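J.: Quick one: sequence plus predicted model below, questions after.
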Amino acid sequence: MSAHLGTDLHTAAELLRTGNIVAIPTETVYGLAANAFDAEAVLKVFTAKARPSFDPLIVHIGHPDQLGLVVRELPEGAEQLMKAFWPGPLTLVLPKRPEVPDIVTSGLDTVGVRMPSHPMALELLSQLAFPLAAPSANPFGYVSPTTARHVADQLGETIPYILDGGPCVVGVESTIIGWEEEGWTLYRHGGVPVEDLEEVIGAVAMAPPRILPVAPGQLESHYAPRIPVLVGDVEQLRAEHPHERIAVIALRRDYAVWRTMVLSPAGDLAEAARNFFGALRDLEASGAGMILAERFPDEGLGRAINDRLRRAAAKRG
Ligand code: TXA
Ligand code: MG
């Protein structure tokens, strides 16, 4: 099987209605979608990604009214969060309804839900009677896809259709927060900066790294290209790692190395986030022997970039 890449919503909807998987655009990254209520279809997502079953999926809804299909109760603050950030890159982990298959949530009593803002995703969801369970459309542990071509390059042989909605405007995955006894807790930095969340619900606790076996965003090695990545002071790293084909990922500075990817000449962290995953892929494909990356400013979308860089740099296995 070889994936067709196109913009035909009817084809995508029909495949999803008949238990198939389809890659879809969202504003964050491309997702690999299946009917969230069809356990067999969801299993195909895990198989295509070679994703371990302990890693739960995010359920995508097309309208806040659909939340009741998957969630049994709303903790305090949830409605304000939805009003402030949906549609958009915020996933809420909420108590789940029993109708949501265990394969979606890895048997947890909670489900991650978001309403994406990409117009094509919303149009598709409006044509479907069910929400879509969708992880990022990349092989497990590898760099996330921000164009339809990225999806085709990695998973083209295993999925029947890729809905092409152009390049993702946010470029990093959604922020994930969940309600715990003490209040809202951050599980993953992402498209909505923590600062913005805190304006709406006050202080957000940070989940200690690696406590949750269930948040792959929390696995140490993730988002990783197939060449080594080192993060820190680029000049110093360069001195320590003499190599002919050194590639650098930088916010705005152009280094005198084999290749530099400047993510935002203006120093805009949102623009940098949008360009980030594509830069990792391009550098990997360019024949670079090693990627050195600056540490980004620890604010706004810089935190999401730093988080992914740290995991891209983490040793595997
Ligand atoms: O922006 C995004 O979130 C993209 C697009 C496609 O929506 N999706 C995405 O999915 O990044 P994925 O599978 O790559 O990451 C989903 C994350 C995982 O880290 C998973 O552990 C967490 O969501 N998650 C899902 N349900 C959860 C739950 N019930 N409790 C804790 N974490 C959960
Ligand atoms: Mg992912």
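T.: Nice, thanks for sending it over. Ligands and ions are numbered 1, 2, ... in the order given.
J.: What ranges in the stretch 101-250 of the chain fall below the confidence cut-off?
T.: 209-219 (pLDDT under 70).
J.: Ser144: how many residues sit nearby?
T.: Neighbour count for Ser144, taken as other Cβ atoms under 10 Å: 26. (C-beta placed from N, C-alpha, C; glycine too.)
J.: show me what contacts it?
T.: When contacts are counted by Cβ atoms under 8 Å, 6 or more residues apart in numbering, Ser144 touches 29-30, 136-138, 172-173, 223, 277.
J.: Secondary structure class of it, three-state.
T.: coil (DSSP: H, G, I helix; E, B strand; the rest coil).
J.: How are the helices of the stretch 1-150 of the chain distributed by residue range?
T.: 9-17, 39-49, 67-70, 78-85, 102-105, 119-126, 148-155 (DSSP state H, counting those that start in this stretch).
J.: Just put these in a markdown table and tack on mean neighbour count and distance to ligand 1.
T.: Output for the helices of the stretch 1-150 of the chain, formatted as a markdown table (neighbours: other Cβ atoms under 10 Å; distance: least, Cβ to the nearest ligand atom, whole Å):
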| stretch | mean neighbour count | distance to ligand 1 |
| --- | --- | --- |
| helix 9-17 | 17 | 15 |
| helix 39-49 | 19 | 8 |
| helix 67-70 | 18 | 11 |
| helix 78-85 | 16 | 12 |
| helix 102-105 | 20 | 5 |
| helix 119-126 | 18 | 9 |
| helix 148-155 | 21 | 11 |
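J.: how far away is the residue lying closest to Leu74 once chain neighbours are set aside from ligand 1?
T.: Ranked by Cβ to Cβ, 6 or more residues apart in numbering and with sequence neighbours excluded, the top spatial neighbour of Leu74 is Leu94, at 6.8 Å. Per Cβ to the nearest ligand atom, to the nearest Å, Leu94 is found 8 Å from ligand 1.
J.: hmm, back to that, could the helices of the stretch 1-150 of the chain be laid out in JSON lines, adding distance to Phe296?
T.: Listed next are the helices of the stretch 1-150 of the chain as JSON lines, based on distance: least, Cβ to Cβ, whole Å:
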{"stretch": "helix 9-17", "distance to Phe296": "35"}
{"stretch": "helix 39-49", "distance to Phe296": "27"}
{"stretch": "helix 67-70", "distance to Phe296": "33"}
{"stretch": "helix 78-85", "distance to Phe296": "22"}
{"stretch": "helix 102-105", "distance to Phe296": "32"}
{"stretch": "helix 119-126", "distance to Phe296": "27"}
{"stretch": "helix 148-155", "distance to Phe296": "21"}
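J.: Quick check: which of the ones you listed is nearest to Arg188?
T.: helix 78-85 (14.4 Å; Cβ to Cβ).
J.: Please enumerate residues in contact with the closest one?
T.: Helix 78-85 is contacted from outside by 64, 67, 90, 92, 94, 115, 177, 179, 192, 196-197, 200-201, using Cβ under 8 Å, 6+ apart.
J.: Quote the end-to-end distance of stretch 152-160.
T.: End-to-end span of stretch 152-160 (Cα to Cα, to the nearest Å): 10 Å.
J.: where's it relative to the chain centroid, distance-wise?
T.: Here the centre of stretch 152-160 is set off from its chain's centre by 18 Å, with Cα atoms, centre = their mean, to the nearest Å.
J.: And for it, what's in contact with it?
T.: 1-5, 15, 20-23, 32, 47-49, 137-139, 142, 145, 151, 162.
J.: How about the contacts made by Ile246?
T.: Applying Cβ under 8 Å, 6+ apart, the residues near Ile246 are 238, 257-259, 288-290, 292.
J.: ranges for the helices of the stretch 201-317 of the chain?
T.: 234-240, 269-285, 302-313.
J.: got a list of what Glu73 touches?
T.: 94-95.
J.: follow-up on the earlier one: and the residue nearest to Leu74, how many neighbours does it have?
T.: Neighbours of Leu94 (other Cβ under 10 Å): 21.
J.: Only whichever of the contacts of stretch 152-160 are buried, select them in PyMOL.
T.: PyMOL command restricting these to the buried ones, with burial defined by 16 or more other Cβ atoms under 10 Å:
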select buried, resi 3+15+20+21+22+23+32+48+49+137+138+142+145+151+162
